[in-house]
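Colleague: got a sequence here, can you build the structure:
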Amino acid sequence: MSTETQSRVALGELISLLQEIDTRWSGPEWNLNSADDVVGSHRALMHILEAALVGYFEQDVTRPDFRRIVTPSRKLTGDNSDAIYFDAPVSADHAYVIHGGKHGAAYFSLTIEEGAEDGHMATNTGGVINDGDLELDSNGNFTLYLGGEARDKNWLPLKPGASRVTTRHYFEHTSPAAKEPDLEPRLHIECLTAKDVPTPPNDVSVAAGIRRVCNAVRSRTLGMPPMANGPLPDFVSLTPNEFPPPVPPGDFGLAAYDAHYSMAPFFIGPDEALIITGRWPDCRFANVCLWNRFQQTLDYSSRSVSLNRAQTVLEGDGSFKMILAHSDPGLPNWLDTEGNPFGMVFWRYFLAPGKVETPQAVVVKQAELGN
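Modeller: Purely as a prediction, here's the structure:
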């Protein structure tokens, strides 16, 4: 007879959840019908599970530490080839100090997420500060306080519901920053109000950690309706090859407050290509990434699946022409689909003043590109 523990009950809940995800999320209910669709969903699930274990299994708001959210081999929730993200758990019941720096980034921000208790997906933004608002030393380093007594500078309040802090470092290099170990920033967070020594792991705490993993996995799979179902943000289009006007996301959960976003699916046949024309705005950071249907970037470690302004070859008038195609067209600004006929194109523009020009796209035969 097996020994019954709360951790064993929680583990059974995780196993049942994974079975339910396989039955429902990896199937027709989420518009997945082909073998390739199911395989893609299982890969995405493994990445989500890894992120949940890294970020939520062991966590303590009185002893937080920053952990990297996504990597070249752990992709979820719309990762970015030119960005490095960290997060840590916090609580409005405590006060914190953070030591860090820009580390050469074109843009840095720190966001307070609300509604992310116990592994749930954040519901909205509870505060944001970027490097333009921070007092930095000559090396780009800073000390930032969260919660506690109000301060004149380098401080953010923690309102009820504050549960996580997310950092964003965006780079515009000729190689994707997310794959470069030397670019990974160093960040340290300390709880200023923690007093007691943490209790050693026990049945209750391990069970709670497993359930946080369950919440994180569920909220990013069964908790997210199929794209065609339910309301969509203004920056999202369901029309293939037609981008909506880039707009700020507001306090949309996990969104960057200082950004303009635009996203639409691409769909091209085996002998087709998508010509995308536009103009980069004058802003702090801008890029475009290709995602699969599970909001995972394509393979930026080995392929050209994203472009920032440093990587883009411009036309004589300062505009750009990008070629989204299944194979190398022999022209500048190729976006490699990895042979996928369907995927997502996501545009980001940070601290862009005024209106951002909407990229335009047209489907052509790839054989016509030389003309």
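Colleague: low-confidence ranges, the chain, go.
Modeller: Applying pLDDT under 70 to the chain flags the ranges 1, 228, 230, 251-254, 371.
Colleague: helices of that one, start to end?
Modeller: For the chain, helices defined by DSSP state H occupy the ranges 6-20, 35-52, 203-219.
Colleague: deepest in the core, which of the ones you listed is it.
Modeller: Of all those, helix 203-219 has the most neighbours on average by mean count of other C-beta atoms under 10 Å, namely a mean of 20. In short, each C-beta sits where N, CA and C put it, glycine included.
Colleague: list of residues touching that one?
Modeller: 5-7, 9-11, 13-14, 17-18, 21, 45, 48-49, 51-53, 55-59, 118-121, 199 (C-beta atoms under 8 Å, 6 or more residues apart in numbering).
Colleague: kindly recompute the last result at 7 Å.
Modeller: Contact with helix 203-219 is made by 5-7, 9-11, 13-14, 17, 48-49, 52-53, 55-59, 118-121, as judged by C-beta atoms under 7 Å, 6 or more residues apart in numbering.
Colleague: could you tell me how far the nearest residue to Gly318 once chain neighbours are set aside is located from Gln295?
Modeller: Closest residue to Gly318 apart from its sequence neighbours, by C-beta to C-beta, 6 or more residues apart in numbering: Arg279 at 6.5 Å. Between Arg279 and Gln295 the distance is 26 Å, computed by C-beta to C-beta, to the nearest Å.
Colleague: next: Arg74.
Modeller: Distance, Arg74 to Gln295, by C-beta to C-beta: 13 Å.
Colleague: can you check His42 too?
Modeller: Taking C-beta to C-beta, one finds His42 at 15 Å from Gln295.
Colleague: next: Phe86.
Modeller: As defined by C-beta to C-beta, Phe86 lies at a distance of 19 Å from Gln295.
Colleague: picking that back up, export the helices of the chain to CSV and tack on distance to Pro332?
Modeller: Shown next, in CSV, are the helices of the chain (distance: least, C-beta to C-beta, whole Å):
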stretch, distance to Pro332
helix 6-20, 44
helix 35-52, 30
helix 203-219, 40
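Colleague: among those, which comes closest to Glu114?
Modeller: helix 203-219 (14.1 Å; C-beta to C-beta).
Colleague: quick check: angle from the closest one to helix 6-20?
Modeller: Using axes from the mean of the first three to the mean of the last three C-alpha atoms, to 10 degrees, the inter-axis angle of helix 203-219 relative to helix 6-20 is 10 degrees.
Colleague: on that earlier part again, is it true that the residue nearest to Gly318 touches Glu357?
Modeller: Yes: Arg279 is in contact with Glu357 according to C-beta atoms under 7 Å; the separation is 5.1 Å.
Colleague: can you show me the strands along the stretch 251-371 of the chain?
Modeller: Using DSSP state E, counting those that start in this stretch, the strands of the stretch 251-371 of the chain run over 259-267, 272-278, 285-291, 306-308, 320-325, 334-336, 342-350, 360-365.
Colleague: need the ones you listed in JSON lines (columns: mean neighbour count).
Modeller: Below are the strands of the stretch 251-371 of the chain laid out as JSON lines (neighbours: other C-beta atoms under 10 Å):
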{"stretch": "strand 259-267", "mean neighbour count": "21"}
{"stretch": "strand 272-278", "mean neighbour count": "20"}
{"stretch": "strand 285-291", "mean neighbour count": "25"}
{"stretch": "strand 306-308", "mean neighbour count": "23"}
{"stretch": "strand 320-325", "mean neighbour count": "20"}
{"stretch": "strand 334-336", "mean neighbour count": "21"}
{"stretch": "strand 342-350", "mean neighbour count": "21"}
{"stretch": "strand 360-365", "mean neighbour count": "14"}
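Colleague: dump those to a markdown table, plus distance to Asn80.
Modeller: Shown next, in a markdown table, are the strands of the stretch 251-371 of the chain (distance: least, C-beta to C-beta, whole Å):
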| stretch | distance to Asn80 |
| --- | --- |
| strand 259-267 | 11 |
| strand 272-278 | 18 |
| strand 285-291 | 6 |
| strand 306-308 | 8 |
| strand 320-325 | 17 |
| strand 334-336 | 15 |
| strand 342-350 | 7 |
| strand 360-365 | 21 |
